[in-house]
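> test case, fold it:
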Amino acid sequence: MDCNPSRRLGMPLTPCTVKNFSNGEINVKISESVRDEDVFIIQSGCADVNDNLMELLILISACKGASARRITAVIPCYPYARMDKKDMSRAPITAKLVANMLAVAGCDHVITMDLHANQIQGFFDFPVDNLYSEPLMISYIKRNIEGWKNGIVVSPDAGGAKRVTAIADKLGLEFALFHRKRDGKTEDAPEKMELLVGDVKGKVAIIVDDMIDTGKTLTLAARSLKENGAKAVHALISHGLFSEISMGVIDNLPLDTLVVTNTIPQDDHKSHCSKLITIDISTIISESIRRTHNGESISLLFGDYADGGGLNSY
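Numbering: from 1, shown residues only. Here you go, the predicted structure:
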């Protein structure tokens, strides 16, 4: 991943070789001793998510078998986080399954960021630190979005209402809430966004969400905001998956900027989209690793210290 906490910590990455056998099975080799060491394994749930998850589990198991004192999995984007509840008959709760797999492999601690649902922390029987990109987003808004004081923070669905109201309160702004529905009774009827709360006319609209994958929600929200008279539209998203949307499509949306964190590598996406901007979260990740290793509290990372001011000096 392009977020590299080891550089900020001044510690080199331990040499590790990951290879695939001809049948696709994964083999790992750790080139240094980890006996009685405090091990941090960094792997995000992106790209080939299943291969990355298996690599992480095998590395944890290898470190456990090599007598590591403690193993912390640093997973900036937690895989299968959207499957956190049984919302229909025979549906799996895969986020819980991943938690069980990490425990069985030998993981002692997880550091992650912006879980899709906070209750996922309850799936683990060992400590989980769910860090937030919210302070970095607030800092970005204040420093880079022109006219933000005449802005309104927007949630594209009801599920993000809590996140949006928290950011709006800290910025002293109003918030708006959309409801996504089909424009008709049939399954193939086109979807549209209906503004439930807030007035966006003449204001700088700031969409906040935790994940962008297909881009359908962002597309509907951006167009609806413009139709409702928004002066400008910016989007701030925690995890930019972009698995089913062309970056050229985003360039043609009525968006001024699309801001994502680098919990998932974005270099290739940025080269194909002029509106894409990344926020570096390695400041928070590296500080959480340092504090965890030294047995210090990480509660400061949930507040104003993480706004970029406190951590930039780190």
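> need the contact partners of stretch 275-282.
With contacts defined as Cβ atoms under 8 Å, 6 or more residues apart in numbering, stretch 275-282 is touched by 3-5, 7-8, 76, 113, 131, 133, 136-137, 140, 240, 247, 250-251, 253, 255-263, 266, 269-270. Any C-beta I mention is one placed from the backbone N, CA and C, and that applies to glycine too.
> cutoff 7 Å now
Outside of stretch 275-282, the residues within contact range by Cβ atoms under 7 Å, 6 or more residues apart in numbering are 3-5, 8, 76, 113, 133, 136, 140, 250-251, 255, 257-263, 266, 269-270.
> quick check on those: which are buried?
3, 5, 8, 76, 113, 133, 136, 140, 250, 255, 257-263, 266, 269-270 (16 or more other Cβ atoms under 10 Å).
> give me the low-pLDDT residue ranges for the stretch 1-150 of the chain?
The stretch 1-150 of the chain contains residues with pLDDT under 70 at 1-3.
> switch the cut-off to 90
1-12, 24, 44-48, 87-89, 117-119 (pLDDT under 90).
> what does the stretch 201-314 of the chain give?
Using pLDDT under 90, the stretch 201-314 of the chain drops low at 213-217, 242-252, 265, 267-274, 283, 297-314.
> now do the helices in it.
For the stretch 201-314 of the chain, the helices defined by DSSP state H, counting those that start in this stretch occupy 216-227, 247-251, 267-270, 282-294, 309-312.
> who touches the second one?
Put plainly, it is helix 247-251. So helix 247-251 is in contact with Gly215, Leu258, His269, His272, Cys273, Ser274, Lys275, going by Cβ under 7 Å, 6+ apart.
> now, which of the residues you listed sits nearest Leu225?
Leu258 (13.4 Å; Cβ to Cβ).
> how far away is the closest one from Asp87?
28 Å (Cβ to Cβ, to the nearest Å).
> any buried residues in stretch 38-57, and which?
Buried residues in stretch 38-57 (16+ other Cβ under 10 Å): 38-46, 52-57.
> got it, and stretch 238-255?
So stretch 238-255, judged by 16+ other Cβ under 10 Å, has buried residues Ser238, His239, Gly240, Leu241, Phe242, Ile245, Met247, Ile250, Leu253, Leu255.
> pretty sure the second one contacts Tyr78?
Looking back up the chat, that one is His239. No. With contact defined as Cβ atoms under 7 Å, His239 does not count as touching Tyr78 (9.1 Å).
> can you pull out the strands in the chain?
Secondary structure of the chain (DSSP state E): strands at 16-20, 26-30, 38-42, 70-75, 109-113, 128-131, 151-155, 174-182, 191-197, 204-212, 232-240, 257-261, 276-279.
> of those strands, which is nearest His293?
Of the strands of the chain, the one closest to His293 (Cβ to Cβ) turns out to be strand 38-42, at 5.4 Å.
> sheet partners, orientation included, of that closest one?
strand 70-75 (parallel) (DSSP bridges).
> what does the strand it pairs with rub up against?
Outside strand 70-75, the residues touching it (Cβ under 7 Å, 6+ apart) are 38-45, 56, 60, 63-64, 102, 106-112, 285, 289, 292.
> stretch 205-219: end-to-end distance?
Chord length of stretch 205-219, first to last residue, is 14 Å (Cα to Cα, to the nearest Å).
> circling back to that earlier point, need the max-distance pair from the contacts of helix 247-251.
Among these, Gly215 and Ser274 lie farthest apart (Cβ to Cβ), at 16.0 Å.
> who's more crowded, the two?
Between Gly215 and Ser274, Gly215 has the larger neighbour count (other Cβ atoms under 10 Å), namely 21 against 12.
> thanks again, I'm all set now.
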